[in-house]
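K.L.:
what shape does this take:
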Amino acid sequence: MTVIDTKTTRTVLPEQALPRWHRAVLKVGSNLLAADGGGLTPRYAETLAGFIAASHAEGREVVLVSSGAVAAGRALLRQHVNGSDGLAARQALAALGQAPMIALWQSLVARPVAQVLLTHDDLRNRRRYLNARATLRELLPLGVLPVINENDTVSVDELKLGDNDNLAAIVAALVDADLLLIASDVDALYSADPRRDPAATPIAHVAALTPEIVAMAGDSGSAAGTGGMRTKLEAAAKAAAAGIPTAFFNGREATTVQALQRGQLRGTLIAAASTRLQARKYWLRHAPASPGRIRVDAGAAKALGGGRVSLLPGGVLGADGEFHRGDLIEIADVAGTVIARGLSQYGAAEVRRVAGRHSREIGDVLGYSYGDEVVHRDDLVTMNRPVVPGQEINA
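P.N.:
Down below sits the predicted model:
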């Protein structure tokens, strides 16, 4: 249960078990990075970096979505930007502040740090979505810490929103994360704004984001941050729809961050509607497909029927119709029966050219390569395995 710390009159949250996870997206807000006198400070980031290191030591993968670039840029050019908070000025500050923000994380993490700048448009466009996904798939097995931020220098709409919470949720779906962690200067979701209502109580677990729960959210509470609890709940809703639970916690509390290393959360856990695999496979099965399709031989059809394999060019007989890289297409056997659906890594014309070839020949045939797979197993669902919400699947 929730108890009260009588010395500080601050609510002390109970610990609860985090969901099991192998890959997580950790979003760190500006309030945890901005120094009181301007610029960035490692004061709270150091403890969060310790959590990342401990996770890596256990064989887990972490993708970091970090704010702080504008705050860092403002400190570097303080004398030039006083009183100026227009869009162009903020874009310039973001461009200037990216380097010190990345440098901060690199100074705290022993392994290589890779900067990845994204816009929401990158993630809406299927071709660019797959490009970003492929890049992160290459980075994570190498033991690299990807540090992702919005490309505020050019993304007008995103800069107006100033919302890395929602970006983190989109990235969580992009990388097939098991968990979304949102660190801020707030302990948890409260029944009311604790800054204004002393009777507000924290909510440790939310089974579903109802309108009543969303109504509890407040606005941003500091000059450094641009997102409030409402954007965090919006992010949690996006993650839940993708089958990913979300945890809110106070990144300023060292004991809270250290508890994460033990698999314990002192904060709010927003449950997912279904498992990540269920949500993705259900979407792949039921979303509208391109009119084109890929034909495969008997060997490939049998392998796909077994589940958890990718479609390689060697098993492809050809492609019918027209479709583009990133399109959702059907996969049919020699009899014309649809046996699977998935996101094609190549367009129809490209599939026809590499059909029957070995994966290593793709680059020679096309002059470039998007990967060894025509359809990656994470982007594929077989039709002989039922996928319905609420049921465990092995496909």
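K.L.:
please make it C-alpha for all contacts and neighbour counts, starting now.
P.N.:
Noted.
K.L.:
domain map for the chain?
P.N.:
17-273, 280-382 (automatic domain parsing).
K.L.:
columns mean pLDDT and mean neighbour count on top of these, output as a markdown table?
P.N.:
What follows is the domains of the chain, written out as a markdown table (pLDDT from 0 to 100; neighbours: other CA atoms under 10 Å):
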| stretch | mean pLDDT | mean neighbour count |
| --- | --- | --- |
| domain 17-273 | 85 | 19 |
| domain 280-382 | 92 | 19 |
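K.L.:
okay, and the closest residue to residue 204 other than its chain neighbours sits in which element?
P.N.:
Leaving aside its sequence neighbours, residue 204 sits nearest to residue 268 (CA to CA, 6 or more residues apart in numbering; 4.4 Å). Following DSSP states H and E, one finds residue 268 within strand 267-270.
K.L.:
ok so, going back, verify the contact between the residue nearest to residue 204 and residue 248 for me.
P.N.:
Yes: in this structure residue 268 lies within contact range of residue 248 using CA atoms under 8 Å: 5.1 Å.
K.L.:
what about the residue positioned nearest the centre of the chain, distance to residue 24?
P.N.:
Centroid check for the chain by CA atoms, centre = their mean gives residue 172 as the closest residue, at 1.9 Å. Distance, residue 172 to residue 24, using CA to CA, to the nearest Å: 7 Å.
K.L.:
any chance you could list residues touching both of those two?
P.N.:
Residues touching both residue 172 and residue 24 (CA atoms under 8 Å, 6 or more residues apart in numbering) are 178-180.
K.L.:
mind checking which of the residues you listed are in strands?
P.N.:
Mapping these onto strands (DSSP state E) picks out 179-180.
K.L.:
any idea which element residue 98 lies in?
P.N.:
For residue 98, the host element (DSSP H and E) is helix 87-108.
K.L.:
ok, residue 139 touching residue 146?
P.N.:
Yes: Residue 139 lies in contact with residue 146 (CA under 8 Å); the separation is 7.2 Å.
K.L.:
what residues do those two have in common as contacts?
P.N.:
What both residue 139 and residue 146 touch, as defined by CA under 8 Å, 6+ apart, is an empty set.
K.L.:
residues contacting residue 214?
P.N.:
Going by CA under 8 Å, 6+ apart, residue 214 touches 230, 233.
K.L.:
what about it, distance to residue 252?
P.N.:
From residue 214 across to residue 252, the span is 24 Å (CA to CA).
K.L.:
who touches stretch 308-318?
P.N.:
294-297, 299-300, 303-304, 351-352, 354-359, 372-378, 380, 395.
K.L.:
helices - which of those residues land there?
P.N.:
299-300, 303-304, 351-352, 354 (DSSP state H).
K.L.:
nearest to residue 327, out of those: which one, please.
P.N.:
Within the ones in helices among the contacts of stretch 308-318, proximity to residue 327 (CA to CA) peaks at residue 351, which comes in at 12.6 Å.
K.L.:
so that closest one sits right up against residue 373, yeah?
P.N.:
No: using CA under 8 Å, residue 351 is not in contact with residue 373; the gap is 10.6 Å.
K.L.:
quick check, nearest of the ones in helices among the contacts of stretch 308-318 to residue 256?
P.N.:
Distances from residue 256 to the ones in helices among the contacts of stretch 308-318, taken by CA to CA, are shortest for residue 304, at 44.1 Å.
K.L.:
doesn't residue 382 make contact with that closest one?
P.N.:
Yes: under the contact definition of CA under 8 Å, residue 304 touches residue 382, with a separation of 6.8 Å.
K.L.:
who touches both of those two?
P.N.:
Joint contacts of residue 304 and residue 382 (CA under 8 Å, 6+ apart) are 339-340.
K.L.:
now residue 319, nearest residue through space, not along the chain?
P.N.:
Spatial nearest neighbour of residue 319, chain neighbours left out: residue 294 (4.4 Å); criterion: CA to CA, 6+ apart.
K.L.:
same thing with residue 100?
P.N.:
Residue 100's closest residue in space is residue 72 (CA to CA, 6+ apart), at 6.7 Å.
K.L.:
in a helix, the one you found, correct?
P.N.:
Yes: counting by DSSP: H, G, I helix; E, B strand; the rest coil, residue 72 is located in a helix.
K.L.:
what about stretch 363-374, start to end distance?
P.N.:
Start-to-end, stretch 363-374 (CA to CA) is 13 Å.
K.L.:
kindly report the same for stretch 271-289.
P.N.:
OK, stretch 271-289 end separation, CA to CA: 29 Å.
K.L.:
cool, and stretch 353-365?
P.N.:
Distance between the two ends of stretch 353-365: 7 Å, counting by CA to CA.
K.L.:
show me what the strand or helix carrying residue 169 is in contact with.
P.N.:
Secondary-structure assignment from DSSP H and E places residue 169 in helix 164-174. Identification of contacts with helix 164-174 by CA under 8 Å, 6+ apart yields 24-27, 29, 65-67, 120, 123, 129, 133, 149-150, 178-180, 182, 227, 231-232, 234-236, 238-239, 242, 244.
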